[in-house]
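Student: I would like to see how this sequence folds:
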Amino acid sequence: QVQLVESGGGLVQAGGSLRLSCATSGRIVNINSMGWYRQAPGKQRESVAIISSGGFTNYADSVKGRFTISMENAKNTVYLQMSSLKPEDSAVYYCNAVDNIFGIRHPYWGQGTQVTVSS
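Tutor: Residues are numbered from 1 along each chain as shown. Predicted coordinates:
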């Protein structure tokens with residue numbers, strides 16, 4: 001059983017910073033990518049940042065230049081450094097990992113961590 005555990009969320013003022021962490025446990029075969037998604041009340045879940053095992057990154061336009069995703073491959077741990085936070089960044093942030101098992105991708109999700117940015 002693979003588990004993802006997020007930490008680092010909280011309440012911060014606009015313009016502030018937060019760092020989210022996501023640690024995996026359980027039997028991971030071959031991480032293909034890890035990433036962060038978020039979901040605000042009444043909105044669909046959206047991709048925030050994704051990083052491949054090879055280090056390639058992809059960011060939502062709304063966070064480019066403000067957020068940085070990084071991964072420790074040996075630990076299957078992913079981080080999201082968030083700076084210059086805005087109230088519209090407020091959401092539940094979910095960690096995602098995609099495990100590649102014999103060519104089949106298996107996605108796993110964390111339970112989410114709340115990020116609230118006050119104006």
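
Student: show me where the chain has its strands.
Tutor: Counting by DSSP state E, the chain has strands at residues 3-7, 10-13, 18-25, 31-39, 46-52, 57-59, 67-72, 77-82, 91-101, 104-109, 113-118.

Student: any idea what the closest residue to Cys95 other than its chain neighbours is bridged to?
Tutor: Spatially, and ignoring its direct neighbours in sequence, Cys95 is nearest to Cys22 (3.4 Å; Cβ to Cβ, 6 or more residues apart in numbering). Yep, even glycine has a C-beta here, placed from its N, CA and C like the rest. Assessed by DSSP bridges, Cys22 has beta-bridge partners Glu6, Val78.

Student: what pLDDT does the most centrally placed residue in the chain get?
Tutor: Taking Cα atoms, centre = their mean, the centroid of the chain lies closest to Trp36, which sits 2.2 Å from it. Predicted confidence (pLDDT) for Trp36: 98.

Student: quick one: contacts for it?
Tutor: Listed by Cβ atoms under 8 Å, 6 or more residues apart in numbering, the contact set of Trp36 reads 20, 22, 47-50, 69, 78, 80, 93-96.

Student: now the buried members of those residues.
Tutor: Buried members of the contacts of Trp36, scored by 16 or more other Cβ atoms under 10 Å, are Leu20, Cys22, Val48, Ala49, Ile50, Ile69, Val78, Leu80, Tyr93, Tyr94, Cys95, Asn96.

Student: and of those residues, the nearest to Lys86?
Tutor: Within those, the smallest distance to Lys86 is 13.0 Å, found for Val48 (Cβ to Cβ).

Student: quick one: that closest one and Asp61 touch, right?
Tutor: No: assessed by Cβ atoms under 8 Å, Val48 is found out of contact with Asp61, at 10.8 Å.

Student: the nearest residue to Gln3 once chain neighbours are set aside and Ser118: what is the separation?
Tutor: In space, and not counting its chain neighbours, Gln3 is closest to Ser25: 4.9 Å by Cβ to Cβ, 6+ apart. When distance is defined by Cβ to Cβ, to the nearest Å, Ser25 is 33 Å away from Ser118.

Student: kindly report the same for Ser62.
Tutor: Separation of Ser62 from Ser118 (Cβ to Cβ): 18 Å.
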